[in-house]
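> quick one, structure for this:
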Amino acid sequence: MVLNDRWLQVHDVAPPFDRYRTYPIDTDSYYTYDPVMKRFVNVNIDDAAGYSLASTPGWSGNNLVWTDRSALDGSITVTAITRVNDSEYNWRATGTDGKGKPVPAQSGNCKKS
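Numbers count the residues shown, from 1 in each chain. Next up is the predicted model:
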């Protein structure tokens, strides 16, 4: 916890992964709850000048949906996380580009070991 124990901070280092990105990227993510707007907020910043700002009203049953409207071009990303059981989650990211055109969806699965 940081900033008067009001934000949870997560730090990540993504290693180089191909010939185009040959350096690691350090990212700090911050999470909090906004009691006035009644939503959780996520702020991400990295050392490659990347950033995002997403929010969610919270869990509804086994589903959590984050919406990111922070891109300068007007693109929107919606990431849905579904709890399969106590040790497994699925995620799917959809959205639109800056002109409102749908972008290819991405999805994945996370399992606790």
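> nearest spatial neighbour of residue 68, skipping sequence neighbours?
Once flanking residues are discounted, residue 68 sits nearest to residue 54: 4.0 Å by CB to CB, 6 or more residues apart in numbering. In this view, the C-beta of every residue, glycine as well, is placed from N, C-alpha and C.
> can I get the helix or strand containing the one you found in CSV, CA atoms only?
With elements taken from DSSP states H and E, the one containing residue 54 is strand 51-56. Extracted in CSV, the C-alpha atoms of strand 51-56 (Å, rounded to 0.1, in the frame of the first residue of the first chain):
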residue,chain,number,x,y,z
TYR,A,51,-0.2,4.8,-19.5
SER,A,52,-3.8,3.8,-19.0
LEU,A,53,-6.7,4.6,-16.7
ALA,A,54,-9.5,2.0,-16.3
SER,A,55,-12.4,1.5,-14.0
THR,A,56,-14.9,-1.1,-12.9
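> I'd say residue 38 and residue 57 touch.
Yes. Assessed by CB atoms under 8 Å, residue 38 is found in contact with residue 57 at 6.7 Å.
> what are the structural domain limits within the chain?
1-53, 59-113 (automatic domain parsing).
> now stretch 103-113, how far from the chain's geometric center?
Computed by CA atoms, centre = their mean, to the nearest Å, the separation of stretch 103-113 from the middle of its chain amounts to 12 Å.
> also stretch 93-110?
13 Å.
> so where do the strands sit in this protein?
8-14, 25-34, 39-46, 51-56, 63-68, 76-85, 88-96, 106-111 (DSSP state E).
> just the buried positions in the third one, please.
Spelled out, it's strand 39-46. 40-44, 46 (16 or more other CB atoms under 10 Å).
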